[in-house]
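Colleague: What follows is a predicted protein model with its sequence.
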Amino acid sequence: GDIEGLPFLEAVRQFKKDAGRDNCIYVHLTLVPFMQAASELKTKATQHSVKELRAIGIQPDILLCRTDRYLPPGIKSKIALFCDVEEEAVITAKDVDSIYEVPLVFHREGLDEIIVKLLGLEPRRIDLSRWESVVRRVKSPRAETRIAVVGKYVELRDSYKSLVEAIAHGGIANETRVDVQWVDAEHIERDSAEAQFAGIHGILVPGGFGDRGIQGKIEAVRFARERRVPYLGICLGMQCAVIEYARNVCGLAGASSSEFDPASPHLVIDLLPEQRGVADKGGTMRLGLYPIVLGEGSLASRLYGQGIIQERHRHRYEVNNDYLSRLEKAGLRVSGIWAEKQLVEIIEIPEHPYFVAGQFHPEFRSRPWEPHPLFAGFVRAALEHAGEARRTWRARRGPGPRASAVSRSAVGRPWCSSADRARSRTRNTH
């Protein structure tokens, strides 16, 4: 690697001495390319990589060989001979259709067994049924839906990696393949929301900072609210929803956030009073896990199935409580609050099929075997919206052959054990 990595490699080398040889193993990820011209796998890259590691004092115990096919025994034997590792420690890290297949591939290759053996651990019964169920739902979905993500960093999609995985988890919960459509918020400002959301079954506005593309996000919220398209707002997405509602339902012309327009006559999103005089932004963000009290009978409480939850935060601006009474009087429901300071955490529109937005980041607590309730509910609502759109289209088109549909009872049902859910909640809390 680059010279910047040398201090880290030296720390890795010394770690075995500090921890003890029986308490540390080195796992090296390397490349075994298939050369189309010669129709064969080439091991030279792996040999040279291991040679460089050995030159600085690191002898790999296990080799994870990235390749597009399973390595035949002859190739494994060759790598083991020239890299001085056991043949059973040469593991195929094969390209797969879904990242959730990786644990199954590694198990098939015996990676878990060799790790247990090298560390001298006691073998345990292996149960990968949870991963097998995840892969089955990913590879054999029963339905499909399209969800638009309206962002300002869509050209660098890794910016939304956690978000995309959480959407996929919502699809897994509903045995559905989710087709994510990327919409640049600035394109909405240029072309209108109507042009961007044709054939879309759900709209999600994620977090972000700064004023670029904000009007496009607000227009996306308005489109979802007026057309009754399922909407999920996250962090900035919730703030945009509050601004849109204040402007177009409450009649507060020019309503905005002090982050975007400090001169706005109606700062429905603002800093907390104790933060307004702070010039240095360092330390002013609300970070980490906070408890949220959910309103009884709200959609949020039904989705979570409990009255008090905990979610992770990373933001600076809050809903201005001075405007809460006007927003609620106009029909916006505050369904979740941080009780200690009475800050708005979740909003929803009761008359809407699915209009939910939160000040926190639910994607950080979603897992493939325990999808976050907001994402599972959002994908389910998008499926129902897609079904309604198809029924409307058929009614306009006239009678014809009926297409098969996924029954609601088969969609979004729980499929991981209560013990699994408890373990996941404990891990996420810590």
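Modeller: Arrived safely.

Colleague: Tell me where the stretch 101-250 of the chain has helices.
Modeller: Using DSSP state H, counting those that start in this stretch, the helices of the stretch 101-250 of the chain run over 102-109, 111-119, 129-139, 161-173, 185-191, 193-196, 214-227, 236-248.

Colleague: Report the buried residues of the third one.
Modeller: Buried residues in helix 129-139, counting neighbours by 16 or more other CB atoms under 10 Å, are found at Arg130, Trp131, Ser133, Val134, Val135, Arg137, Val138. Every residue, glycine included, has its C-beta placed from N, CA and C.

Colleague: how about JSON lines for those, with pLDDT added?
Modeller: JSON lines is the format used below for those (pLDDT from 0 to 100):
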{"residue": "Arg130", "pLDDT": "93"}
{"residue": "Trp131", "pLDDT": "94"}
{"residue": "Ser133", "pLDDT": "94"}
{"residue": "Val134", "pLDDT": "95"}
{"residue": "Val135", "pLDDT": "96"}
{"residue": "Arg137", "pLDDT": "95"}
{"residue": "Val138", "pLDDT": "95"}
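
Colleague: Kindly indicate which of those residues lies nearest Phe378.
Modeller: Nearest to Phe378 out of these is Arg137 (CB to CB; 16.8 Å).

Colleague: I figured that closest one hits Ile172, correct?
Modeller: Yes: here Arg137 reaches Ile172: they are 4.8 Å apart, a contact under CB atoms under 8 Å.

Colleague: how about low-confidence regions in the protein?
Modeller: 1, 274, 276-283, 389-430 (pLDDT under 70).

Colleague: Could you dump the buried residues of helix 129-139 into JSON lines and include distance to Pro206?
Modeller: Conversion of the buried residues of helix 129-139 to JSON lines gives the following (distance: CB to CB, whole Å):
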{"residue": "Arg130", "distance to Pro206": "28"}
{"residue": "Trp131", "distance to Pro206": "27"}
{"residue": "Ser133", "distance to Pro206": "28"}
{"residue": "Val134", "distance to Pro206": "24"}
{"residue": "Val135", "distance to Pro206": "27"}
{"residue": "Arg137", "distance to Pro206": "24"}
{"residue": "Val138", "distance to Pro206": "22"}
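
Colleague: Which two of these have the greatest separation?
Modeller: Arg130 and Val138 (12.9 Å).

Colleague: Just give the number of residues close to the closest residue to Asp179 other than its chain neighbours.
Modeller: In this structure, Asp179 finds its nearest non-sequential neighbour in Arg146, 4.6 Å apart by CB to CB, 6 or more residues apart in numbering. Residues lying near Arg146 (other CB atoms under 10 Å) number 17.

Colleague: Do a quick rundown of the helices in the stretch 301-430 of the chain.
Modeller: Ranges of helices in the stretch 301-430 of the chain, per DSSP H, counting those that start in this stretch, are 324-329, 373-397, 418-429.

Colleague: Okay, and the beta partners of Leu64?
Modeller: Beta bridges link Leu64 to Leu29, Ile91 when assigned by DSSP bridges.

Colleague: Am I right that Ser366 is in contact with Pro373?
Modeller: No: in this structure Ser366 lies outside contact range of Pro373 using CB under 8 Å: 9.2 Å.

Colleague: So for the two, which residue has more residues nearby?
Modeller: Using other CB under 10 Å, the more surrounded residue of Ser366 and Pro373 is Ser366, with 26 against 22.

Colleague: ok, the more buried one - contacts?
Modeller: Glu165, Ala166, His169, Gly170, His372, Phe375 (CB atoms under 8 Å, 6 or more residues apart in numbering).

Colleague: now these as a markdown table including distance to Ile58 and neighbour count?
Modeller: Conversion of these to a markdown table gives the following (distance: CB to CB, whole Å; neighbours: other CB atoms under 10 Å):
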| residue | distance to Ile58 | neighbour count |
| --- | --- | --- |
| Glu165 | 32 | 17 |
| Ala166 | 36 | 27 |
| His169 | 36 | 23 |
| Gly170 | 41 | 29 |
| His372 | 39 | 23 |
| Phe375 | 41 | 29 |
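
Colleague: Looking at these, which one is closest to Asn248?
Modeller: Looking at the contacts of Ser366 and their distance to Asn248, the nearest is Phe375, at 26.6 Å (CB to CB).

Colleague: Isn't that closest one up against His361?
Modeller: No: assessed by CB under 8 Å, Phe375 is found out of contact with His361, at 11.6 Å.

Colleague: In what element of secondary structure is the residue of the chain positioned farthest from its centre found?
Modeller: Here the centre of the chain is the reference, and by CA atoms, centre = their mean the most remote residue is Leu81, at 41.6 Å. For Leu81, the host element (DSSP states H and E) is helix 73-83.

Colleague: Give me whichever of the helices of the stretch 101-250 of the chain is most buried.
Modeller: helix 236-248 (a mean of 25; mean count of other CB atoms under 10 Å).

Colleague: Now find how far off-centre that one is within its chain.
Modeller: 23 Å (CA atoms, centre = their mean, to the nearest Å).

Colleague: what comes into contact with stretch 170-183?
Modeller: For stretch 170-183, contacts defined as CB under 8 Å, 6+ apart pick out 134, 137-138, 141-151, 154, 157, 164, 167-168, 196-197, 200, 220, 366, 368, 371-372, 375-380, 382-383, 406, 410-412, 415.
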